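# Model the following, please.
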Amino acid sequence: MFRKPARPGPRLAVECDGERWHTREEFQHDLERQAILERLGWVFVRIRGSLFFRDPDTAMRPVFAKLDHLGIEPLGQATESSESECGLLIERVRKNAESLREQWRMERENESLLKKEAPGTKRFPPAF
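Residues are numbered from 1 along each chain as shown. Coordinates of the predicted model:
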């Protein structure tokens, strides 16, 4: 679904934050970018990535509330086709998120195994 302002005015930026990607430096960079865009008239809403993947409807409530508050109206009527495209996109995002979670789980396991190795143990690459 696409939305546009009913009148000239504020624009809404939606930022989906994730714990893994927000180091202090990244968070500072996000705040600087947000400050610049706010000076240009953008309004920000932040949602947590973890909440979005668990419960997208709850995560999106503040976004829709801010859109209504700003008077940003739907661009057009939702059609069955656009709703199915939206569903496909959500499914793709969920699959990618699941893949990332699996990758992170494996990275944590590898880090844990490395920490358990005895000091002074040498690691050699696998022989082919």
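
# Assumed Arg61 was part of a strand.
No. Read with DSSP: H, G, I helix; E, B strand; the rest coil, Arg61 is helix and lies in no strand.

# neighbours around it, how many?
For Arg61, the neighbour count with other C-beta atoms under 10 Å is 12. (Glycine included, C-beta is placed from N, CA and C.)

# Repeat that for Asn96.
10.

# any idea how far Gly18 is from Glu111?
Look at Glu111 and Gly18: by C-beta to C-beta, to the nearest Å, they are 19 Å apart.

# helices or strands up against the top helix by length along the chain?
Taking DSSP state H as the criterion, the chain has its longest helix at helix 80-116. Helix 80-116 makes packing contacts with helix 49-54 when contacts are defined by 3 or more C-beta pairs under 8 Å, 6 or more residues apart in numbering; DSSP states H and E.

# quick revisit: Glu111 and Gly18: which is more packed in?
Gly18 (13 against 10).

# got a list of what the more buried one touches?
Neighbouring residues of Gly18 by C-beta atoms under 8 Å, 6 or more residues apart in numbering: Arg48, Gly49, Ser50.

# Buried ones only from the residues you listed, please, as a PyMOL command.
Command for PyMOL that selects the buried part of the contacts of Gly18, burial taken from 16 or more other C-beta atoms under 10 Å:
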select buried, resi 49
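
# Adding pLDDT, write the contacts of Gly18 out as JSON lines.
As requested, those are exported to JSON lines (pLDDT from 0 to 100):
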{"residue": "Arg48", "pLDDT": "86"}
{"residue": "Gly49", "pLDDT": "84"}
{"residue": "Ser50", "pLDDT": "85"}
